[in-house]
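Asker: Curious how this folds, go ahead:
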Amino acid sequence: TGTSRDSIVQVDITDHIKDLMGYEFTIALESYRDFRSEPLEIFSKEATGKTKPQLEMSYRLVDQDSTQTFAYNFSPAKISDLNQKTYNPLTGLHTWFDNDSNPNFVDSVDVYKRFEWDQVESSPGVYDFSVIQNEINKLAPGQKFAFRMRAMKSSDNNLPSYLSSSTMSCSNSCSASYTNVPDWDDPYLIERGRALAQAMAAEFDGNPKIAWIDLGIFGRFGEWNCACADTVSDAVAKQYVDMYTDYFKHTQLVMRDGQKPAFDYALAMSPNESGYSIGFRLDGYGQKKMYATYGDSFRHYSLFNSIKDQWKVAPVLGEFWAPGSSIDTTSTYYQAMQEAQSIHTTTIGNGNTEKWSNLNSQQKTDFNNLGYSLGYKYALDNLKLLTSPYIGGSAIIETSWSNLGNAPTYENWTPKLTFTNKNNTSQNFTVNLNSVDLKDVLPTTNRINNVDTPVIFADNISIPSSIPSGDYSVSLVIEQSGRNDLKLYNQDNGSSDPLNSDGVYSIGDITISSFIQCDSIEYSEFGQCIDGIKTRTATQTSPSNCTVPAESLQEICSLDKSGGISSGGGASALINSPRSETCPDIDYDRNGTLEYIDFISFRKYYRFSCDAAESYSSCGSIDANSSGSVDLSDFINFSIKYASKASCT
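Answerer: Prediction:
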C-alpha cells in the first residue's frame, strides 16, 4: 500500500510466477480513475485477447493510454528557458529590508523586515503595532509582507524598559567585553513574551497581506542563538516556540535552525487550523569560511532528519551571511545555489551581501542564476475534455501540470477556466478547477534523466443551460486573493518571456452543442417490427427544447446470429440474452465490441434519472448499482469495460 503520492510500491510475485508464465500482459490503467478512494483495476491479458481476473489496489494512480480518443486535447507551448523571473510569490529573491543588492530583483512581491520589542510595547500590555502596519500599508497590489520580532537587535538589549530593569543578567561576567542580555529563563520574561505573541496574533494572524512570520523574540537577532552567552534548557526553549504556535492559527510561520531541540520540536508540529506547517530558514547561504571550517555540523546538522522532507509542506527560505565574510571567492553565489537546491529553498533575501557594484562579472552571473533557480516553475502540460460538452450538461476536464522548479507553492491558488462565445464575448462563463491543488505538485522533472512526469487532476464541470450553442474560446487564469495572477512557464501569445504574460493563458477553441437533457419524455406506442427494429416518437418533452435520446426511440425485435432478441421484449429482454453477459445493452451500435461511439452514447445518459416509468427503457442495465440514476459509479463501470475493449459477442 502506498503511503503518499510519491510512494514506490513493490510486490513480490515469486509465489505466483507459475500463473503468469506464458502470458503477454497489457496493464490497463483506467483513464478516468482520478477520483479519490476509487480502486485501480489492472488487467492481465493473453495474446489471444482473453482477459485474466483483475487485481485491485487501494492506491490512487493515474495514467493515460496514448491511443485514447478525446473530444478535445490541448497541449499549450512551454517556455524552455527557465533562467527567467516571474514575480511569483515566494520565489527568487525577496526584498530584504530596503537593501536590494541585486538590481534585477528589486520588484519582488514579498517584502521582509525585522522589528524590536521596545518599538511596539511601551509599558505592560500597552501595544502599538503601527510601525509594522505602516510597512503593510506601503505594499503595492499583489505584494505581501513578512517580519520577525526580536528582543536583541544585535549585541544590545531591545526589551521594553520595564523588562530591562527586572530581567537582565550578565553572562560569564560584567566586564567591558560582555553586554547585558535578557535572562531567557526568567518566568516574567516568558510571561511577557507570551503576551506579546498573543497581541501580535490578535493584530496580524490571518491577515491576507502577511506572507509569513518568523518565530523570533529568542536569542541574538531573534535567531535562536545565544552568541556565547549561557543558553537555556530544552524545556524553556520550547516555551518560546509555543508563544507563537498557541496563537497564530492562520499564518505561515518560519523558524531558524539556531537551537536544535526547539527547532526539531517546531517542525514536528501538526499544521495549524489553516493547514500551514512550520517552515524553516537558513541565515547564512554562501558563507564559505564558516562552512569550510565546520562543515555539515555548522548549519546542516539536521538536514537528514528534521528538515529532510519539510520542504514538501512548508517553505525553506533565508538570507546571506553578512557582507565581508561571504563574498570571498567568485564561487560563493554558485555555492549558495548548490546549497539552496539541495534543501529546496524557495526564496532568499536580496540583501545582507556585497554591493552589486563591487561584484565581478562571474559573481553577477552566479547571483542572477541563483535568483532564477529558486522556487516553483509551473506549466500546464495538457488539458483534455474527455467528452464533447453540451448546454445544460457536464464535462470531465483532465489537466496535467508540470513543476520545472525546485519546490512547490505553499499558498492556495484556484485555477479557473473561462469559456467565451467567439461571436459574442459578453456571453461567457467561468468554472473553477477545484481538484487542482498546486501545493501537491512537487518538482516533476527527474534531474538525472531529465524526464518530466506531470501530475494529473480531473474535474467534473457543469455547462450552464442559459448560454447559446456555438464556438467558444477557452482561457486559463490562476487566482489568489491578495496576489497577482500566477505566471506559468507557458508561452502567452507566442512570447517565451513569462513577464510579458498578464496571467491569462489561451488554451484553444471548443464547440458547445445544443444537446439539452430531458427532465421527462412522453412517447407514442412502438410501431411495427421493420428490419428488426420497432420505432416510436416523442410526443411531449420537458423542457420543450430538450434532445430526446435516439436510443429511446428504437427497440430490437428480431433474432440475430450473435444471440440477440427475438419477438421483441426491448431492453429488458436484451439484458437476459446471451449477448449481454459481458456488457449488457451498452454496445449501442451493436457491432459486438465497445468503441468510441458507444462511449459517446453512454455519456448522454450520465446523470440520467431512471426512476420514472417514462424514462429510457434500458436504464436497468446502465444503472449498474441500481441507484435510480446513471451516476459516477455507473460511468466508471462502463469506462472499465470500454478501456479493456470488452467483447460483447
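
Asker: Low-confidence stretches in this structure?
Answerer: 1-69, 166-179, 227-230, 288-306, 322-331, 516-517, 531-532, 551, 556-649 (pLDDT under 70).

Asker: hmm, try it at 50
Answerer: 1-9, 13-14, 16-67, 170-175, 290-304, 326-327, 330, 558-584, 612-620, 648-649 (pLDDT under 50).

Asker: Kindly report the domain assignment for it.
Answerer: 1-61, 72-81+378-512, 93-146+201-373, 520-643 (automatic domain parsing).

Asker: So which bits of stretch 261-273 are buried?
Answerer: 262, 263, 264, 265, 266, 267, 272 (16 or more other C-beta atoms under 10 Å). Placement of C-beta: from N, CA and C, glycine included.

Asker: ditto for stretch 107-114
Answerer: 108, 109, 110, 111, 112, 114.

Asker: Listing partners with orientation, what would you give for the helix or strand where the last one lies?
Answerer: Per DSSP states H and E: residue 114 is located in strand 110-116. Strands that pair with strand 110-116, judged by DSSP bridges, come out as strand 93-96 (parallel), strand 144-150 (parallel).

Asker: quick one: which of the ones you listed is nearest residue 379?
Answerer: strand 93-96 (21.7 Å; C-beta to C-beta).

Asker: Report the buried residues of the helix ranked longest in the chain.
Answerer: Taking DSSP state H as the criterion, the chain has its longest helix at helix 187-204. Buried residues in helix 187-204, counting neighbours by 16+ other C-beta under 10 Å, are found at 189, 190, 192, 193, 194, 196, 197, 198, 199, 200, 201, 204.

Asker: so what does that helix touch, helix or strand wise?
Answerer: strand 126-127, helix 130-137, helix 161-164, strand 210-214, helix 234-245 (3 or more C-beta pairs under 8 Å, 6 or more residues apart in numbering; DSSP states H and E).

Asker: closest one to residue 346 among those?
Answerer: Across the helices and strands packed on helix 187-204 (criterion: C-beta to C-beta), the nearest stretch is strand 210-214, sitting at 10.7 Å.

Asker: quick one: that closest one to strand 144-150, angle?
Answerer: Taking axes from the mean of the first three to the mean of the last three C-alpha atoms, to 10 degrees, one finds strand 210-214 and strand 144-150 inclined to each other by 20 degrees.

Asker: got the CA positions of strand 210-214 in CSV?
Answerer: Coordinates of the C-alpha atoms in strand 210-214 are reproduced here as CSV (Å, rounded to 0.1, in the frame of the first residue of the first chain):
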residue,chain,number,x,y,z
ILE,A,210,1.1,38.6,5.6
ALA,A,211,3.3,36.2,3.7
TRP,A,212,5.0,34.7,6.7
ILE,A,213,6.1,35.5,10.3
ASP,A,214,9.4,34.3,11.8
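
Asker: Paired strands for that strand, with orientation please.
Answerer: strand 144-150 (parallel), strand 253-256 (parallel).

Asker: could you pull out the helices for the stretch 201-350 of the chain?
Answerer: Secondary structure of the stretch 201-350 of the chain (DSSP state H, counting those that start in this stretch): helices at 234-245, 260-267, 288-294, 296-299, 332-342.

Asker: For the longest one, which outside residues touch it?
Answerer: For helix 234-245, the surrounding residues in contact (C-beta atoms under 8 Å, 6 or more residues apart in numbering) are 184-185, 190, 193-194, 196-197, 201, 213, 215, 217-218, 224, 231, 253, 255, 259, 261-262, 265-266, 269, 272, 278.

Asker: let's see 6 Å
Answerer: 185, 190, 193-194, 197, 215, 218, 253, 259, 261-262, 265-266 (C-beta atoms under 6 Å, 6 or more residues apart in numbering).

Asker: and which of the residues you listed is nearest to residue 125?
Answerer: Closest approach to residue 125 among the contacts of helix 234-245 (C-beta to C-beta): residue 194, at 12.0 Å.

Asker: ok, now how distant is the nearest residue to that closest one once chain neighbours are set aside from residue 218?
Answerer: Among residues not flanking residue 194 along the chain, residue 243 sits closest, at 4.9 Å (C-beta to C-beta, 6 or more residues apart in numbering). Noted for residue 243: a distance of 9 Å to residue 218, by C-beta to C-beta, to the nearest Å.

Asker: So which of the two has more stuff around it?
Answerer: residue 218 (28 against 23; other C-beta atoms under 10 Å).

Asker: Tell me who's in contact with the more buried one.
Answerer: 224, 240.

Asker: just to revisit the earlier point, now the two most distant members of the buried residues of stretch 107-114.
Answerer: So, those by C-beta to C-beta: farthest apart are 109 and 114, at 19.3 Å.

Asker: what's the neighbour count on the closest residue to residue 433 other than its chain neighbours?
Answerer: Residue nearest to residue 433 in three dimensions, not counting chain neighbours: residue 415, with 4.3 Å by C-beta to C-beta, 6+ apart. By the measure other C-beta under 10 Å, the count of residues near residue 415 is 24.

Asker: Please apply the same query to residue 394.
Answerer: When neighbours are counted by other C-beta under 10 Å, residue 394 comes out with 16.

Asker: residues in contact with it?
Answerer: Contacts of residue 394 by C-beta under 6 Å, 6+ apart are 460, 462.

Asker: And residue 232, by the same measure?
Answerer: 184, 185.

Asker: Mind picking the one among the buried residues of stretch 261-273 that's closest to residue 335?
Answerer: residue 263 (23.1 Å).

Asker: With residue 359 as the reference, measure out to the closest one.
Answerer: Taking C-beta to C-beta, one finds residue 263 at 33 Å from residue 359.

Asker: likewise residue 535?
Answerer: 83 Å.

Asker: who has more neighbours, the two?
Answerer: residue 359 (20 against 13).

Asker: Please tell me I have it right and residue 438 contacts residue 414.
Answerer: No. Contact criterion C-beta atoms under 6 Å: residue 438 and residue 414 do not qualify, at 9.5 Å.

Asker: that older thread, any chance of the strands paired with strand 110-116 in a markdown table, plus distance to residue 426 and mean neighbour count?
Answerer: Listed next are those as a markdown table, based on distance: least, C-beta to C-beta, whole Å; neighbours: other C-beta atoms under 10 Å:
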| stretch | distance to residue 426 | mean neighbour count |
| --- | --- | --- |
| strand 93-96 | 40 | 24 |
| strand 144-150 | 34 | 22 |
